[in-house]
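J.: requesting a structural model of the entry that follows:
(chains A and B)
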2 protein chains.
Amino acid sequence: MLEAGCGVGAQTVILAGNSPQADITSVDISDESLAAAKQRVDEAGLGNVEFRQADIFDLPFPDDHFDHIFVCFVLEHLPNPTEALAALARVLKPGGSITVIEGDHGSTYFHPDSEPARRAVQCLVDLQRQAGGDALIGRRLYPLLVRSGYRDVHVSPRMVYVDASRPALVDGFTRKTFTAMVEGVGEQAVGQGMMNEADWAAGIRDLYRTPKTTGLSATRSSRLSDGDDQMIGPAAPGPKCDGLFAPRETTPVQ
Amino acid sequence: MLEAGCGVGAQTVILAGNSPQADITSVDISDESLAAAKQRVDEAGLGNVEFRQADIFDLPFPDDHFDHIFVCFVLEHLPNPTEALAALARVLKPGGSITVIEGDHGSTYFHPDSEPARRAVQCLVDLQRQAGGDALIGRRLYPLLVRSGYRDVHVSPRMVYVDASRPALVDGFTRKTFTAMVEGVGEQAVGQGMMNEADWAAGIRDLYRTPKTTGLSATRSSRLSDGDDQMIGPAAPGPKCDGLFAPRETTPVQ
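T.: You can find the predicted model right below:
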């Protein structure tokens, strides 16, 4: 199977550990990220991953090469996700399948509701759009996959729900993952005049104060095998994904 | 068990059908709704429901009377949900449990995103607040239940996800349930100048055009039995609820 856009290997170790019988090829455009991913996989003692520097839009693999493709938190950064998915379809065997996991930051809501907090999240969405990406991509995975030529598309949305009875998630997800990510664009957001400094500080304060709920879309789909009407059977459920950083299971390749 | 606020019996027939061994008492403040609920239950041939006109805040039952209480889409209409929950706790046996299902209209998002559509949904939220209710109550069930004296509160959020591969939901949920509900407040929203007529029409048009995702919170909790540290065991998962109108299963009473 191919992992496209492995980054520093956060998902690679989970994939490789959960599917020891799978031969995994993980590619990324950044040599630096690849080195970090390789180190992580080596440290986990996993031997079924091969790393390779590659551009998703110009993959160094023949047509119809992989049984399965895994893409996680990659499309949200690309200005042309449809083309990326089509480029991946080329190297997927007819009848093969793809698993795509992307977030949707605009699906976040919280109690107590807070206008500055909502505006701070919106700054993240707007800045990602400025950079050519789409932080709201989760909600449009279905049309994206259909338009890129995949069939039997089954989107299975997940959400992360946090309240005071789940202190590990309050800390690990609400604070250290989601709010830290929003906080990370503060300089840019305030610098560009999207929000003034006081409103920004209020928004971040309210986010730190609240447990929250956010959406995450996981999808699994089959490649369109041109002119071939063979069904892949009922679409398998998407991989289980407990948080932006922790897809703990993926559908095994076979 | 007690069903508090049965309305016209939409949930009553499901509860009574799924738990034939349970003796159900369904109350509502409206005699007219009760008559409709009774007719529905009779037509379904169900014999395990007793109907009674009653006010949640002044229930005609002794203390510690019921094993289980079921409340669905009721608290969102009340200005004082904490007091309602506390009044229900009085008639719940020590060690008994409550299932609360409420929606959260502010959790709705869609693709393509649409500002007038978001504003139209916000009108619904604002009008419900004007009327003393809270259309965003789903996200605060946890603190509400804790504050009302329940313990072992376990909130299990559900969402309704709709895309073009689910035509029955596009029609039955997106169009005929959610969008129809928003559309129903159009006269009030435009009449009060919350939105002008053109923007309102654009918002409703965009909602009809889009499959959508919305949140729904289901929760199950146990009554605080004063000074009694007995655990109820791990909190059971909330009832499965496939849509605003269709909780198809509920935890059996025993």
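
J.: contacts and neighbour counts: CA atoms only from here.
T.: Noted.

J.: can I assume residue A:25 sits in a helix?
T.: No: assessed with DSSP: H, G, I helix; E, B strand; the rest coil, residue A:25 is strand; it does not lie in a helix.

J.: distance of it relative to residue A:3?
T.: According to C-alpha to C-alpha, to the nearest Å, residue A:25 and residue A:3 sit 6 Å apart.

J.: give me the more crowded residue out of the two.
T.: residue A:3 (24 against 18; other C-alpha atoms under 10 Å in any protein chain shown).

J.: how close does that one sit to chain B?
T.: Per C-alpha to the nearest C-alpha, to the nearest Å, residue A:3 is found 26 Å from chain B.

J.: dump the residue contacts of that residue.
T.: Contact analysis of residue A:3 by C-alpha atoms under 8 Å, 6 or more residues apart in numbering or on different chains lists A:12, A:24, A:25, A:26, A:27, A:69, A:70, A:71.

J.: am I right that it is in a strand?
T.: Yes: under three-state DSSP, residue A:3 falls within a strand.

J.: for it, name its beta-bridge partners.
T.: residue A:26, residue A:70 (DSSP bridges).

J.: residues of the stretch 51-200 of chain A that sit close to chain B?
T.: By C-alpha under 8 Å from any C-alpha of the partner chain, the residues of the stretch 51-200 of chain A that approach chain B are A:106-112, A:139-140, A:142, A:153-154, A:157, A:161, A:163, A:165.

J.: so which of those residues belong to helices?
T.: residue A:142 (DSSP state H).

J.: return the helix or strand in chain A with minimum mean pLDDT.
T.: Scoring the helices and strands of chain A by mean pLDDT, DSSP states H and E places strand A:212-223 at the bottom, with a mean of 49.

J.: and residue A:142, what's its pLDDT?
T.: pLDDT, residue A:142: 88.

J.: my guess is it contacts residue B:163. True?
T.: Yes: between residue A:142 and residue B:163 there is a contact under C-alpha atoms under 8 Å: 7.0 Å.

J.: which other helices and strands contact the helix or strand encompassing residue A:95?
T.: Here residue A:95 is covered by strand A:92-110, with elements defined by DSSP states H and E. Strand A:92-110 is packed against strand A:66-72, helix A:115-130, strand A:212-223, strand B:92-110, with contacts defined by 3 or more C-alpha pairs under 8 Å, 6 or more residues apart in numbering or on different chains; DSSP states H and E.

J.: taking strand A:66-72 as reference, get the angle to it.
T.: Going by axes from the mean of the first three to the mean of the last three C-alpha atoms, to 10 degrees, strand A:92-110 is angled at 20 degrees with respect to strand A:66-72.

J.: tell me the angle of strand A:92-110 relative to helix A:115-130?
T.: Using the same axes, to 10 degrees: strand A:92-110 against helix A:115-130 is 150 degrees.

J.: only alpha carbons, please: show strand A:92-110 as CSV.
T.: Taking Å, rounded to 0.1, in the frame of the first residue of the first chain, the C-alpha atoms of strand A:92-110 are listed here in CSV:
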residue,chain,number,x,y,z
LEU,A,92,-4.1,2.3,-7.7
LYS,A,93,-5.0,-1.1,-9.1
PRO,A,94,-8.5,-1.5,-10.6
GLY,A,95,-10.6,-2.6,-7.7
GLY,A,96,-8.2,-1.1,-5.2
SER,A,97,-9.3,1.2,-2.5
ILE,A,98,-8.3,4.5,-0.9
THR,A,99,-8.8,5.8,2.6
VAL,A,100,-8.8,9.6,3.1
ILE,A,101,-8.9,11.3,6.4
GLU,A,102,-9.2,15.1,6.6
GLY,A,103,-10.4,17.5,9.3
ASP,A,104,-13.0,20.3,9.2
HIS,A,105,-12.0,23.1,11.5
GLY,A,106,-15.2,25.0,10.7
SER,A,107,-17.3,22.3,12.3
THR,A,108,-16.0,23.3,15.8
TYR,A,109,-18.5,24.5,18.4
PHE,A,110,-18.3,24.9,22.1
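
J.: what mean pLDDT does that strand have?
T.: Strand A:92-110 carries an average pLDDT of 89.

J.: where's it relative to the chain centroid, distance-wise?
T.: Taking C-alpha atoms, centre = their mean, to the nearest Å, one finds strand A:92-110 lying 6 Å from the centre of the chain it belongs to.

J.: phi and psi next, for residue A:62.
T.: phi -70, psi 170 (degrees, to the nearest 10).

J.: ok, it touching residue A:89?
T.: No: counting by C-alpha under 8 Å, residue A:62 stays clear of residue A:89, with 11.4 Å between them.

J.: tell me which of those two has more neighbours.
T.: For residue A:62 and residue A:89, the more surrounded residue by other C-alpha under 10 Å is residue A:89, and the numbers stand at 26 against 10.

J.: helix or strand: which one has the more buried one?
T.: Per DSSP H and E: helix A:81-90 holds residue A:89.

J.: which residues does that helix contact?
T.: Helix A:81-90 has contacts (C-alpha under 8 Å, 6+ apart) with A:56-59, A:63-64, A:69, A:75, A:144-145, A:147-150, A:223.

J.: ok, the contacts of residue A:3 vs residue B:175, which is closest?
T.: residue A:71 (32.5 Å; C-alpha to C-alpha).

J.: for that closest one, give me its contacts.
T.: By C-alpha under 8 Å, 6+ apart, residue A:71 lies in contact with A:3, A:4, A:5, A:6, A:98, A:99, A:100, A:101.

J.: so how far is residue A:38 from it?
T.: Distance, residue A:71 to residue A:38, by C-alpha to C-alpha: 18 Å.

J.: check residue A:18 and give its pLDDT.
T.: 92.

J.: residues near it, how many?
T.: The tally of other residues near residue A:18 (other C-alpha under 10 Å) stands at 15.

J.: quick check, distance from the helix holding residue A:89 to the centre of its chain.
T.: Centroid separation for helix A:81-90 versus its chain: 15 Å, with C-alpha atoms, centre = their mean.

J.: that one vs strand A:66-72, what angle?
T.: If you take the same axes, to 10 degrees, helix A:81-90 sits at 150 degrees to strand A:66-72.
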